[in-house]
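[1] build the 3D model from these lines:
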Amino acid sequence: MQFLWPQLLWLLCFLPLLAGAYLYLMARRKKAALLYGSLALPRAALGHSLRLRRHIPPVLFLLALGAALLACARPAATITLPSDIITVVLAVDTSLSMNSTDVAPTRISAAQQAARDLVIGLPGSVRLGIVSFAATATVVQPPTDNRQDMLDAIDRFQLQHGTATGSGLIQALAVLFPDDDGIDLEAILFRGETLAPGPGGRTQSEAAAADAVRKRELEQPPTMPGSYRHGVVILLSDGRRTTGPDPLDAARMAAQRGVRVYTVGYGTPQAEPSQSSFTQLDEPTLRAVATLTAGEYFLAGSAADLTRVYRQLSARFALERRQTEISALLAGTSVVLLIAACSLSLLWFRR
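    Modelled structure (predicted):
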């Protein structure tokens, strides 16, 4: 447990003082009882249970005061709560390398089956949008809560040349924020056709995406990465980018909007003899995208691995652990204890 205002914890020092004052008053009352000729008479009148009762209301009062003082320090704890996520965008690599048979029967077939399992396991409150990307990115299914529409969209994947990972991520962001003028893949690509290569040997589309990031930074300050609670992106890729914007620039666009991106590397980092350098899994880039957006990277080397990753993510979309302030809980506990103390005092002692 952490406290947002820990300096107020010093107020708890008053509790021992109050307890000491109570014990002092009890001692004085005991001295006053010595005025009786015999202590047997008042003790017999009170009884053992009544002598214990008189201490219960003050103890409850001290506990109520302690809970109230802790609430003033604004405690926060990491607890499991229902997730706020209502939209998930699945961006799937549909380049020709997904036709490889190293994952039976093919990578794309196994990926489609795992995506179907993801659809079945999604919480009922979550909408799913689907984007496919090869040389460019396409919205296969806008966000919907209709499970059959999701399954039909997964069956419509078509393999094409090229791998535009950055385009896939930008298009996924456009699905999450349809009214955000700063996320327009066509405009970024069009500007890329008219821009000269930037410093460091950047391609024209890379320079255009970087320019969009800088423009966003000037227009409004970026939010905390991962702070957007109403949607996430799952990006699956099995190869290196061959065209389109730099995925890291696209990741910065997501981070500026607080969107968490979970990346899934599908395949093995080591190349097979028949593979070109562009069909090899680019783990460093996928890890960097996840890190920039406060997401997480997963490696799926088989169909079973991919299904397991999707199930883990589905569980996170239903429940998630996050730090939450519990001041209200302690304040409520304090009120209940105070009411109990007052009620028992009136019931037992009429005061």
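[2] pull stretch 229-247 out as CSV, backbone CA atoms only.
    What follows is stretch 229-247, C-alpha atoms only, in CSV (Å, rounded to 0.1, in the frame of the first residue of the first chain):
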residue,chain,number,x,y,z
ARG,A,229,-8.5,3.0,-20.4
HIS,A,230,-11.1,2.4,-23.1
GLY,A,231,-9.2,0.6,-25.9
VAL,A,232,-6.0,-1.3,-26.8
VAL,A,233,-4.3,-2.6,-29.9
ILE,A,234,-3.0,-6.1,-30.5
LEU,A,235,-0.4,-6.1,-33.3
LEU,A,236,0.7,-9.5,-34.7
SER,A,237,3.5,-9.7,-37.3
ASP,A,238,5.9,-12.5,-38.5
GLY,A,239,8.3,-10.4,-40.5
ARG,A,240,10.2,-7.2,-40.9
ARG,A,241,8.8,-4.0,-42.3
THR,A,242,9.4,-3.6,-46.0
THR,A,243,7.4,-0.4,-46.7
GLY,A,244,5.3,2.3,-45.1
PRO,A,245,5.9,4.4,-42.0
ASP,A,246,8.4,3.4,-39.3
PRO,A,247,6.6,1.3,-36.7
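[3] can you give me the buried ones in that stretch?
    231-247 (16 or more other C-beta atoms under 10 Å). Glycine gets a C-beta too; all of them are placed from N, C-alpha and C.
[4] mind checking which of those residues are in strands?
    Members of these lying in strands (criterion: DSSP state E): 231, 232, 233, 234, 235, 236, 237.
[5] the residue lying closest to residue 145 once chain neighbours are set aside: what's it in contact with?
    What sits nearest to residue 145 in space, not counting adjacent residues and going by C-beta to C-beta, 6 or more residues apart in numbering, is residue 127, at 4.9 Å. Neighbouring residues of residue 127 by C-beta atoms under 8 Å, 6 or more residues apart in numbering: 86, 87, 88, 143, 144, 145.
[6] with residue 141 instead?
    Listed by C-beta under 8 Å, 6+ apart, the contact partners of residue 141 are 128, 129, 130, 149, 150, 152, 153.
[7] quick one: the helix or strand hosting the first one to strand 231-237, angle?
    Taking DSSP states H and E as the criterion, the element that holds residue 128 is strand 127-133. Interaxial angle, strand 127-133 versus strand 231-237 (axes from the mean of the first three to the mean of the last three C-alpha atoms, to 10 degrees): 30 degrees.
[8] can you list the strands that strand 127-133 pairs with?
    Looking at strand 127-133 with DSSP bridges, its partner strands are strand 87-93 (parallel), strand 137-144 (antiparallel).
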